[in-house]
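*Asks:* Build me a model from this:
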Amino acid sequence: MNAAVLIAVMSLTTILLRFLPFLIFRKQTPPYITYLGKVLPPAIIGMLVVYCLKDVTIMSHPHGLPELIASLTVIVLQVVKRNSLLSILSGTAVYMLLIQLIF
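*Replies:* All right, here's what the predicted structure looks like:
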C-alpha cells in the first residue's frame, strides 16, 4: 500500500511539473524561457558526457577503448538515424557487451 501511495505522489508531482509551464505561460512564452528551452538540452547532454567519462583511465588497460567505441557508436547512430533513444540504447548495449565479453 505504501509503495502505491509513493508511486501515485511521484506520478502526480511529475505530471504537475510537466504541465506547470503551460499553466503559467498560457498566452506567450517569455523570450528567456524560450532561450533556456533551446540551450539547456545540449548543455545537459554535455554534462552527462563529462560525468560518464570522468573516471576513464587512458593510461592503463583497457585504455578507454570501450568508452571510445561506445561513444562513437552513439555519435554515428545519432548522425545517421537522428534517433536519440536508439543512439543511447545502442551505445549502452555496445559498452556493456564490450566490458562483459571483450575487455
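*Asks:* If I look at the residue positioned nearest the centre of the chain, what pLDDT would I see?
*Replies:* Closest residue to the average C-alpha location of the chain: I45 at 5.9 Å, with CA atoms, centre = their mean. The pLDDT attached to I45 in the predicted structure is 90.
*Asks:* Where does it sit, in terms of helix or strand?
*Replies:* According to DSSP states H and E, I45 maps onto helix 31-53.
*Asks:* okay, that helix in CSV with CA atoms only?
*Replies:* Extracted in CSV, the C-alpha atoms of helix 31-53 (Å, rounded to 0.1, in the frame of the first residue of the first chain):
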residue,chain,number,x,y,z
PRO,A,31,12.0,35.0,-24.5
TYR,A,32,14.2,33.9,-21.7
ILE,A,33,12.3,30.7,-21.2
THR,A,34,12.4,30.0,-25.0
TYR,A,35,16.2,30.6,-24.8
LEU,A,36,16.5,28.1,-21.9
GLY,A,37,14.5,25.6,-23.9
LYS,A,38,17.0,25.8,-26.7
VAL,A,39,20.2,25.9,-24.7
LEU,A,40,19.6,23.6,-21.8
PRO,A,41,19.2,20.2,-23.6
PRO,A,42,22.6,20.3,-25.2
ALA,A,43,24.2,21.6,-22.0
ILE,A,44,22.7,18.8,-20.0
ILE,A,45,23.8,16.2,-22.6
GLY,A,46,27.3,17.7,-22.4
MET,A,47,27.3,17.5,-18.6
LEU,A,48,26.2,13.8,-18.8
VAL,A,49,29.0,13.0,-21.2
VAL,A,50,31.6,14.6,-19.0
TYR,A,51,30.2,12.8,-15.9
CYS,A,52,30.2,9.4,-17.7
LEU,A,53,33.8,9.8,-19.0
